[in-house]
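>>> one predicted model, sequence on top.
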Amino acid sequence: MKKRVAFIVDNFPVLSQTFILNQITGLIAYGYDVDIYANPSPEMTIHDDVNKYNLLSRTSYFPQPSQHHPVTLCKSLHLLLQGICKSPHVLNQLYRNISALKTNGLPIWFLPYLATPFFNAFPQNYDIIHCHFGPNGIKGLALKRMGLITGKLITSFHGYDLTKYISKYSATVYHQLFAQGDLFLPISKHWQNQLIELGCKQDKIRVHRMGVNCEKFTFTPRQYHHSQPIQILTIARLVEKKGVEYGIRAVAKLASTHPNICYKIIGDGCLKESLQALIQKLNIADKIELLGWKEQSEIRETLNQSQILIAPSITSREGDQEGIPVVLMEAMAMGIPVISTLHSGIPELVEDSVTGFLVPEKDVEALSQKIKYLIENPQVWEKIGHGGRKFIEENHNQILLNQELVDIYEKL
């Protein structure tokens, strides 16, 4: 009999969250029966694997609240009445969890939104309930306490869930989850330490890193071609913590002395207009392109054409931090020299001057100097590239990590 796993995630499918997609497809390949519970994705472009594995047919979506509170409350009541009509026991199940929700950062009116995918048949019995990001762990716990879903509860922590989310609520927001959850999988030692500081028992924590498929991101030594521009690349959501502004400013400092450079930025987000305005203000529109989101095949092709990748991550004004950007792993797997920052768990991936370079957050001068060093010393590209590839093969190989995840599940 197939083991059943439920994934509770934010939006699905999302181009920037290949780490979740890789886990899901890896488990299906191992013979697991996987269901996905998520918010609808606003993105029109999806990864090929979503269609290859027919993942949308495995996905149930939570209804979305309105931006207008009165409409949200009316819809909540409507969803509740629908649920009661389908199953008279629904009201009792929801009522059982009201006291728990008050201390977990979820408002009472949210209960029907959370429960709707389970109204037709409950409980849904799973071997594992795997929640990506702490707030989804809270949702998973609420669903279990309402009797709508069963299974061992695992929560993976990535970054914003241990920074921005805690700042918004409190340092105690996860206490019930820590007490009743079965296992917690931070993606780095950095976040493991944070979980312990927040009160999670150490014997419930295991670092499980994100990774990449090394067969898809093949190694190619970077070459310097005198007749072609040096291609510099950033792939990121255009939000504050990605630090794209500092990448733009660093390249701008080099534009007059190193005219043979081209900086491409793949991604989209709320800062797109302000970043475009910054490019115009710095008078470097001929050197920098904002390309928007691309499909995975297009991203791999752009990576193939690039000599340097920069990921200038920062801590946002709200305290939001990265996990470890998967794009750094992809670039390192392909032999691309990377430059990033002393931020979150990134130093656990990039060893300065060995597998890439690290600079302080928001330090435009330091970032500019590292880019300049790589431009002027192409003879070091291959050595750094080999070091990066070896580290990814040994520590961030998705095939090995999926086997590790299966072992984790089996032990539970």
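Good, I have the coordinates.
>>> drop to CA atoms for contacts and neighbour counts, all remaining ones
Fine.
>>> so where do the helices sit in the stretch 1-150 of the chain?
Secondary structure of the stretch 1-150 of the chain by DSSP state H, counting those that start in this stretch: the helices cover 18-29, 48-52, 69-86, 90-95, 98-101, 111-115, 134-145.
>>> out of these, nearest to Asp10?
Among the helices of the stretch 1-150 of the chain, the nearest to Asp10 by Cα to Cα is helix 134-145 (7.3 Å).
>>> of all the helices of the stretch 1-150 of the chain, which lies closest to Asn377?
Evaluated over the helices of the stretch 1-150 of the chain, closeness to Asn377 peaks at helix 18-29, with 32.5 Å, by Cα to Cα.
>>> same for that closest one, what does it pack against?
In terms of contacts (3 or more Cα pairs under 8 Å, 6 or more residues apart in numbering; DSSP states H and E), helix 18-29 is packed against strand 33-40, helix 48-52, helix 398-411.
>>> how far away is the residue sitting furthest away from the middle of the chain from Gly247?
The C-alpha centroid of the chain is most remote from Pro88, which lies 38.4 Å away (Cα atoms, centre = their mean). Separation of Pro88 from Gly247 (Cα to Cα, to the nearest Å): 57 Å.
>>> Cys262 in helix, strand or coil?
Put simply, Cys262 is strand when judged by DSSP: H, G, I helix; E, B strand; the rest coil.
>>> so it touches Ile248, yeah?
No - look at Cys262 against Ile248 with Cα atoms under 8 Å: they stay out of range, at 11.1 Å.
>>> identify the contacts common to these two.
Residues touching both Cys262 and Ile248 by Cα atoms under 8 Å, 6 or more residues apart in numbering: Ile288.
>>> who has more neighbours, the two?
Taking neighbours as other Cα atoms under 10 Å, Cys262 and Ile248 compare with Ile248 leading, 25 against 19.
>>> if I pick the residue farthest from the centre of the chain, what's in contact with it?
By Cα under 8 Å, 6+ apart, Pro88 lies in contact with nothing.
>>> ditto for His130
Val5, Ala6, Phe7, Ile8, Leu153, Ile154, Thr155, Ser156.
>>> quick one: which of these is nearest Thr72?
Nearest to Thr72, judged by Cα to Cα, of the contacts of His130 is Ile8 at 22.0 Å.
>>> give me the number of residues near that closest one?
Using other Cα under 10 Å, the number of residues around Ile8 comes to 25.
>>> for it, report the pLDDT, please.
What the model reports as pLDDT for Ile8 is 98.
>>> hmm, Ile129 and it touching each other?
Yes - assessed by Cα under 8 Å, Ile8 is found in contact with Ile129 at 7.4 Å.
>>> joint contacts of the two?
Contact with both Ile8 and Ile129 is made by residues Gly140, according to Cα under 8 Å, 6+ apart.
>>> quick check: closest non-adjacent residue to Glu245.
Closest residue in space to Glu245, ignoring its immediate chain neighbours: Leu275 at 6.6 Å, by Cα to Cα, 6 or more residues apart in numbering.
>>> and the strands in the stretch 251-400 of the chain?
All strands of the stretch 251-400 of the chain, identified by DSSP state E, counting those that start in this stretch, fall at 261-266, 288-292, 308-311, 338-341, 357-359.
>>> could I get those strands in CSV, plus columns for distance to Ile375?
What follows is the strands of the stretch 251-400 of the chain, written out as CSV (distance: least, Cα to Cα, whole Å):
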stretch, distance to Ile375
strand 261-266, 9
strand 288-292, 16
strand 308-311, 9
strand 338-341, 12
strand 357-359, 13
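>>> most packed of those?
Ranked by mean neighbour count under mean count of other Cα atoms under 10 Å, the strands of the stretch 251-400 of the chain are led by strand 338-341, which reaches a mean of 26.
>>> name the residues that touch that one?
So strand 338-341 is contacted by 308-314, 328, 331-332, 346-347, 350, 355-361, 367, 370-371 (Cα under 8 Å, 6+ apart).
>>> follow-up on the earlier one: and the gap between the residue farthest from the centre of the chain and Ala121?
Going from Pro88 to Ala121 by Cα to Cα gives 12 Å.
>>> name all residues that make contact with Arg209.
Arg209 makes contacts with Pro186, Ile187, Ser188, His396, Leu401, as judged by Cα under 8 Å, 6+ apart.
>>> would you map the helices across the stretch 251-400 of the chain?
Along the stretch 251-400 of the chain, counting by DSSP H, counting those that start in this stretch, helices occupy 272-281, 296-304, 326-333, 364-376, 381-395, 398-411.
>>> lowest average confidence across those, which one?
Lowest mean pLDDT of those: helix 296-304, a mean of 90.
>>> any idea of the angle that helix forms with helix 326-333?
Angle of helix 296-304 versus helix 326-333, following axes from the mean of the first three to the mean of the last three Cα atoms, to 10 degrees, is 50 degrees.
>>> which helices and strands sit right next to helix 296-304?
In this structure, helix 296-304 packs against no helix or strand, with contacts taken as 3+ Cα pairs under 8 Å, 6+ apart.
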